[in-house]
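Student: how would this look folded up:
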Amino acid sequence: QVQLVVSGGGLVQAGSSLRLSCAASGFTFSNYAMAWFRQAPGKEREFVGVSRNSNTIVYADSVKGRFTISRDNAENTVYLQMDSLEPEDTAVYYCARSGVVYDIARASDARLYQYWGQGTQVTVSS
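Tutor: Okay, the predicted model is just below:
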């Protein structure tokens, strides 16, 4: 069965860095887009970015230039490197796997993602 296990969250100060990992199993990892979303208290789930493959990565404007997504297909893991963190980045972060059919032009639509990890809390203090 498909499993996505997210790790790496924590409490950091503004300006710091964190790296989240999402370890996947139960499917052929390289065949699917892997995305990161986040949800802050009282807000809707927000698209952070997606790796369609190692060469095709899309970011939300709010994180562009600060966050980097990478994937290791040999290790079935996708990473979210978060630099220059801001208090506004405080949220629960989720990774998600796309469905078989995927349109990267609609990458921010959560309905495109079939499986979700459990989420990890990232808290950025000012």
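
Student: residue 20: what secondary structure?
Tutor: strand (DSSP: H, G, I helix; E, B strand; the rest coil).

Student: just the pLDDT for it.
Tutor: Looking at residue 20, its pLDDT is 98.

Student: and for residue 101, the neighbour number?
Tutor: 6 (other CB atoms under 10 Å). C-beta coordinates here come from the backbone N, C-alpha and C atoms, glycine included.

Student: try residue 50
Tutor: For residue 50, using other CB under 10 Å, the count is 26.

Student: how much space between it and residue 124?
Tutor: 22 Å (CB to CB, to the nearest Å).

Student: for the nearest residue to residue 48 once chain neighbours are set aside, what are its contacts?
Tutor: Distances taken as CB to CB, 6 or more residues apart in numbering put residue 36 closest to residue 48, at 4.0 Å, once the chain neighbours are dropped. Listed by CB atoms under 8 Å, 6 or more residues apart in numbering, the contact partners of residue 36 are 20, 22, 48, 49, 50, 69, 78, 80, 93, 94, 95, 96.

Student: make sure residue 36 is indeed in a helix.
Tutor: No: counting by three-state DSSP, one finds residue 36 to be strand, located in no helix.

Student: relative to residue 106, how far out is it?
Tutor: 16 Å.

Student: what's the span of stretch 55-62 from first residue to last?
Tutor: End-to-end distance for stretch 55-62, by CA to CA, to the nearest Å: 21 Å.

Student: could we number from 142 for the rest of this?
Tutor: From this message on, residue numbering opens at 142, which makes the last subject stretch 196-203.

Student: so what's the residue nearest the centre of the chain bridging to?
Tutor: The chain has residue 177 as the residue nearest its centroid, 1.9 Å off, counting by CA atoms, centre = their mean. Beta bridges link residue 177 to residue 190, residue 236, judged by DSSP bridges.

Student: circling back to that earlier point, which one of the contacts of residue 177 is nearest to residue 170?
Tutor: residue 219 (8.3 Å; CB to CB).

Student: run the chain-centre distance for the host helix or strand of residue 145.
Tutor: For residue 145, the host element (DSSP states H and E) is strand 144-148. Distance, stretch centre to chain centre, for strand 144-148: 11 Å (CA atoms, centre = their mean, to the nearest Å).
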